[in-house]
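**Q** Test case, fold it:
(one chain, ligands or ions: 1)
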Amino acid sequence: MVDELKTLVTFFGATGDLAKRLLYPSVFNLYKKGFLAKNFAIVGTARQDLTDAEYQDMVRTSISEGQDKKQVEAFLEHFSYIASDVTDAAGYVGLKEEIEKASDKFGVAGNRIFYLAVAPRFFGTIAQFLKSEGLLADTGYNRIMIEKPFGTSYKTAEQLQNELTAAFNDDQVYRIDHFLGKEMVMNIAPLRFGNPMLNTAWNKDYIKNVQVTLAETLGVEERAGYYDTAGALLDMIQNHTMQIIGWLAMEEPKDFSASEIRNAKNAAFSALQIYNEEEVNRYFVRAQYGASKTNTDHVAYTEEPDVPKDSKTNTYIAGELHFNTPRWEGVPFYIRSGKRMSKKTTRIDVVFKAGAFKFGGQQEPQETVLTIVVSPDEKITMSLNSKKVSDNFSTQVINLGWAPTDKEKAETPAPYERMLHDAMDGNGSNFADWHGVATAWKFTDALSDVYAADKAPLFTYESDTMGPKEADELLAKNGDAWVFDGEE
Ligand code: NAD
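**A** Coordinates of the predicted model:
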């Protein structure tokens with residue numbers, strides 16, 4: 001049995017791609033699992049004029065494939081729609097009435113979630129109108145779920161934060177980073193804190209370096225308009241990579257409440273070294289993909305449709321972070337993310353120091369690695385030094401491994417399902433905290449400023465490789481190497 005949640009969710013951008021592709025199927029999964037049963041309501045709003053029946057039809061199309069028809073119809077009864085322009089105060093009058101009507105009809109006890117599945121320029125406006133036009137409930141809770149991106153720089157993010165907190169308390173703001181809803185990212189804490197062996201060793205005495213890789217095989221595709229203004233730095237590093245780093249670098253929380261988890265991550269982020277121009281060049285490599293030698297369809301980034309021929313946008317970033325804490329003194333956190341790489345993977349490699357013991361004068365023990373593959377094939381492996389099967393003390397590295405079964409994978413909630421559930425449940429553990437977001441912006445702003453002024457080289461890497469050689473050299477100067485070289 002699961003605990004039923006009483007809630008009313010208003011989806012702004014109810015006719016958009018995100019809502020149709022990810023949000024409605026996620027809400028339906030929560031319904032099928034019993035988290036939503038009788039006392040829930042969904043109010044959709046967007047600019048288009050739709051009747052309730054037309055809206056329900058749209059939601060039906062987005063969820064119904066292979067589903068129980070009767071269950072789908074019972075689910076859809078909880079959906080209603082009202083057109084509104086989010087920039088116009090007048091639209092909020094009808095929306096308020098619709099929310100109050102649905103709230104009474106389904107007995108949701110005043111609990112309200114406002115999900116902003118609209119363009120980021122509307123986030124602050126909507127939050128302010130929700131308050132000024134009286135859409136916040138007096139009883140129960142009010143929560144606001146914010147899509148990415150949260151700003152485009154520290155300054156714009158701070159402005160958005162101010163607009164949101166003029167209407168909501170910070171603990172009512174649920175900033176979405178769907179990487180935080182991924183099963184294997186959520187597995188970092190149980191692995192670290194559930195195993196004294198790892199927890200004791202999770203520091204500079206035992207860990208040589210930490211590596212986080214977010215590699216994509218796709219090129220820019222038809223997203224050039226957006227991507228050319230963001231690059232890998234803002235598309236993947238500022239948000240997803242930094243949020244993963246938060247779990248890896250954090251101190252041990254006092255307990256596993258959302259506020260203590262966020263406090264512990266914030267303590268680590270507060271100690272993140274923000275770089276000056278010289279350090280940006282020393283610790284970071286930016287690059288752009290050139291043509292592939294193996295696939296003629298994979299053209300150079302500047303040959304892609306809608307990309308300016310003289311674009312200096314980074315499609316690849318690799319770098320080294322440092323945390324000024326006793327735990328991490330001298331331990332580099334290497335990060336990299338790029339498009340058109342040879343293998344699609346999101347993975348974490350924690351490299352442990354090698355032992356000093358020489359087995360009978362034979363081979364030295366090797367560095368060992370805890371690997372967490374987040375996607376696409378989830379798995380956890382740990383390498384260990386072990387005796388080679390022979391009559392002397394030669395060593396070899398062996399791998400212990402685990403991967404979820406197909407059944408477990410099928411039962412794993414998708415990130416959007418998990419995040420909707422957690423917001424309904426008031427659990428903010430897997431959402432981005434303002435302090436962390438702010439630090440990530442300050443960190444990436446320092447790089448963006450150097451890149452905008454063209455004060456760092458822009459390297460080229462061949463498409464369908466793991467990036468430029470300069471990124472390998474970045475690690476080599478510390479006596480390190482990327483664990484993942486494109487081959488499993
Ligand atoms: P979309 O363009 O498909 O949909 C936008 C929605 O906003 C539509 O319902 C549209 O009617 C509505 N809208 C636009 N202007 C409006 C106005 N003035 N008043 C009221 N409604 C208005 O966009 P999307 O892809 O669904 O993205 C929505 C948000 O989610 C964006 O912030 C995006 O960055 C984020 N996001 C999207 C995805 C995705 O896979 N689509 C993934 C992650 C984050």
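**Q** What residues does the stretch 51-200 of the chain have near the ligand?
**A** S84, D85, V86, T87, A117, V118, A119, P120, E147, K148 (C-beta under 6 Å from any ligand atom). C-betas here are computed from N, CA, C, even on glycine.
**Q** residue contacts, the closest residue to the first one other than its chain neighbours?
**A** The spatial neighbour of S84 that comes closest, neighbours along the chain excluded (C-beta to C-beta, 6 or more residues apart in numbering), is G91 at 3.1 Å. Applying C-beta atoms under 8 Å, 6 or more residues apart in numbering to G91 gives the contacts T45, A83, S84, D85.
**Q** secondary structure class for the first one?
**A** Okay, so that is T45. Secondary structure, DSSP: H, G, I helix; E, B strand; the rest coil: T45 is strand.
**Q** SS state for whichever residue of the stretch 201-350 of the chain sits closest to the ligand?
**A** Going by C-beta to the nearest ligand atom, the ligand is nearest to Y226 of the stretch 201-350 of the chain, at 8.6 Å. Following three-state DSSP, Y226 is assigned to helix.
**Q** tally of neighbours for the closest residue to the ligand within the stretch 301-450 of the chain?
**A** Nearest residue of the stretch 301-450 of the chain to the ligand, counting by C-beta to the nearest ligand atom: Y416, 9.0 Å away. Neighbourhood size, Y416 [other C-beta atoms under 10 Å]: 20.
**Q** Next secondary structure after the host helix or strand of it?
**A** For Y416, the host element (DSSP states H and E) is helix 415-425. Where DSSP H and E defines the elements, the next helix or strand beyond helix 415-425 is helix 434-452.
**Q** Please spell out which residues along that following helix are buried.
**A** Neighbour counts over helix 434-452 (16 or more other C-beta atoms under 10 Å) mark 434-441, 443-448, 450-451 as buried.
**Q** How about stretch 325-335?
**A** Buried residues in stretch 325-335, counted by 16+ other C-beta under 10 Å: T325, R327, W328, V331, P332, F333, Y334, I335.
**Q** Could you find the closest non-adjacent residue to the fourth one?
**A** When you say that, I think you mean V331. Nearest in space to V331, with sequence neighbours left out and distances taken as C-beta to C-beta, 6+ apart, is K204 at 5.0 Å.
**Q** Next, the one you found: secondary structure please.
**A** coil.
**Q** What pLDDT is listed against it?
**A** We have a pLDDT of 98 for K204.
**Q** Tell me who's in contact with the residue of the stretch 301-450 of the chain closest to the ligand.
**A** L22, L23, S26, H178, G181.
**Q** in these, which two residues are the furthest apart from each other?
**A** Spatially, the most separated pair among the contacts of Y416 is L23 and G181, at 12.9 Å (C-beta to C-beta).
**Q** Could you check which of the two is surrounded by more residues?
**A** L23 (27 against 21).
**Q** Backbone dihedrals for the more buried one, please?
**A** phi -80, psi -50 (degrees, to the nearest 10).
**Q** which residues in the stretch 251-400 of the chain form helices?
**A** Using DSSP state H, counting those that start in this stretch, the helices assigned to the stretch 251-400 of the chain run over residues 258-270, 277-283.
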